[in-house]
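*Asks:* any chance you could fold what I've pasted below:
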Amino acid sequence: MSVLSNPGSGSCRGQIILQPGREKSLLRRHPWVFSGAVKAVVGSPQSGESIDLLSSDGSWLAKAAYSPSSQIRARVWSFQAQEVIGPEFFRRRLALCLSCREAMGIATKSNAYRLVHGEADGLPACVVDRYGDFLSCQFLSAGAEYWKASIVAALQDLLPGLRGIYERSDNDSRSREGLPLSTACIWGEEPPDELLIHENGLQFLVDLRHGHKTGFYLDQRDSRLALGTAACEQAEVLDCCCYSGGFGLRALQAGAKRVTFLDAAEKSLDWAGRNATLNGFAAGRQEFIRGDLFQLLRTFRDSRRSFDIIILDPPKFADTQARLEKAARGYKDINLLACKLLRPGGQLFTFSCSAAMTPELFRKVIGDAARDAGQEALVLQTFTQAPDHPQSLNFPEGHYLTGLQLLLRPQG
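*Replies:* Residues are numbered from 1 along each chain as shown. Sure thing, here's the model as predicted:
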């Protein structure tokens with residue numbers, strides 16, 4: 001277990017003075033300050049320390065964490081001048097996060113959910129997910145790293161009965177902050193290699209140390225539940241990029257005749273198979289195929305395979321605007337192929353987790369794909385990330401997951 005130390009005083013160690021006019025986003029309570037907005041840094045703040053943000057005329061704006069290595073030079077902790085950024089501040093913020101989740105009633109549906117969702121919860125670049133008696137955390141900015149010990153201590157105090165807290169700060173955001181990747185047990189017990197969670201009547205084995213994200217795609221909980229209300233009874237279902245089988249298992253639970261699980265990783269297919277067995281689904285109702293999504297969909301088209309329901313939940317195609325055009329082509333390709341594989345009256349559950357892909361653009365791309373396949377697509381339902389991954393209207397960048405449930409019928 002790692003030993004964490006608390007930083008010293010929570011008082012601000014310096015100031016950032018903004019260029020003229022660059023305070024407008026902060027006045028709208030947006031929590032980021034980019035490097036190009038900085039006119040001057042006053043004092044000698046160190047990475048992660050708290051600073052005051054001032055407009056070009058000297059007006060006070062906010063208290064933020066300083067990140068000298070990042071294009072996001074400061075992330076706001078508070079817009080209240082009297083706020084002291086220290087251990088008690090983080091305890092109060094975390095207590096508010098916990099009370100919000102209690103109000104959502106998620107714990108009645110699952111023992112795995114997000115407790116802290118970064119900027120939307122007033123704790124920029126800090127993610128905390130609960131998996132039963134364990135927490136999986138990410139500290140993805142200089143400020144979150146600086147106050148890590150205080151955050152972990154507050155979590156221990158607020159959540160009695162925890163067995164362990166594991167850090168999964170292993171994505172590229174750390175590198176952009178000038179921080180090394182970090183994965184370790186930072187309090188209590190190491191999580192087991194396989195941890196059992198439950199969600200809406202299903203059980204899943206998860207790996208907190210090596211699994212995708214912090215261990216499981218918690219943000220798709222509501223989308224998986226919605227699949228169970230589709231016409232799954234006796235349906236043949238294709239679950240693309242299945243990971244550990246979340247969507248496909250929901251279809252089996254809802255009475256699907258057979259589910260074909262596709263993934264590029266053998267380990268993911270193994271997890272999906274074991275989770276299917278764990279939930280008591282007959283082996284004859286399952287098929288597992290490893291390979292490239294684009295190639296497999298073309299192979300199915302060429303062999304005239306067809307399905308009643310298809311789920312397309314691919315990994316992120318675009319993490320920046322610069323990659324958006326290529327990503328749009330990729331989304332169109334797989335959705336065009338999926339539309340050709342669906343039987344008349346079939347349903348398509350299609351998703352994008354690329355933040356650069358707006359809901360409006362995603363709809364256009366999927367609409368173009370359906371028309372090119374000779375289909376009309378009717379929107380039955382739209383999806384976004386589950387409510388324990390909240391979206392603040394002050395921070396539009398917090399929206400990243402877009403989904404559509406479509407009914408396909410031949411064009412008239």
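*Asks:* and for S110, the neighbour number?
*Replies:* S110: 23 surrounding residues under other C-beta atoms under 10 Å. C-beta here means a position set from N, CA and C on the backbone, and glycine is covered the same way.
*Asks:* that one and L202 touch, don't they?
*Replies:* No - here S110 does not reach L202: they are 9.3 Å apart, not a contact under C-beta atoms under 8 Å.
*Asks:* using the three-state scheme, assign the closest residue to S56 other than its chain neighbours.
*Replies:* Nearest residue to S56, sequence neighbours excluded (C-beta to C-beta, 6 or more residues apart in numbering): P20, at 4.4 Å. At P20 the chain is in coil, as set by DSSP: H, G, I helix; E, B strand; the rest coil.
*Asks:* likewise for the one 10 residues further on?
*Replies:* When the structure is split into helix, strand and coil by three-state DSSP, H30 lands in coil.
*Asks:* show me the shaky parts of this structure.
*Replies:* Counting by pLDDT under 70, the chain contains low-confidence residues at 1-10.
*Asks:* domains for it, by residue range?
*Replies:* Domain segmentation of the chain under automatic domain parsing yields 14-78, 87-188, 217-410.
*Asks:* bridged to the spatially closest residue to I72 that is not a sequence neighbour, which residues?
*Replies:* Closest residue to I72 apart from its sequence neighbours, by C-beta to C-beta, 6+ apart: W32 at 5.1 Å. For W32, the beta-bridge partners under DSSP bridges are R75.
*Asks:* quick one: residues contacting W32.
*Replies:* W32 makes contacts with S25, I72, A74, R75, V76, E119, P124, E397, as judged by C-beta atoms under 8 Å, 6 or more residues apart in numbering.
*Asks:* got it, and N394?
*Replies:* Per C-beta under 8 Å, 6+ apart, neighbours of N394: R28, R29, H30, P31.
*Asks:* distance of it relative to D239?
*Replies:* 36 Å (C-beta to C-beta, to the nearest Å).
*Asks:* again with C126
*Replies:* 32 Å.
*Asks:* likewise for W187?
*Replies:* 36 Å.
*Asks:* higher neighbour count, these two?
*Replies:* Each of W187 and D239 has its neighbours counted (other C-beta under 10 Å); D239 has more, 29 against 21.
*Asks:* neighbours of the closest residue to that one other than its chain neighbours, just the number please.
*Replies:* Excluding the flanking residues, the one nearest D239 by C-beta to C-beta, 6+ apart is G248, at 3.6 Å. Per other C-beta under 10 Å, the neighbour tally for G248 reads 31.
*Asks:* now for the strand or helix carrying G248, which elements pack on it?
*Replies:* Following DSSP states H and E, one finds G248 within helix 246-253. With contacts taken as 3 or more C-beta pairs under 8 Å, 6 or more residues apart in numbering; DSSP states H and E, helix 246-253 sits against strand 202-206, helix 221-227, strand 236-240, strand 258-263, helix 266-278, strand 307-312.
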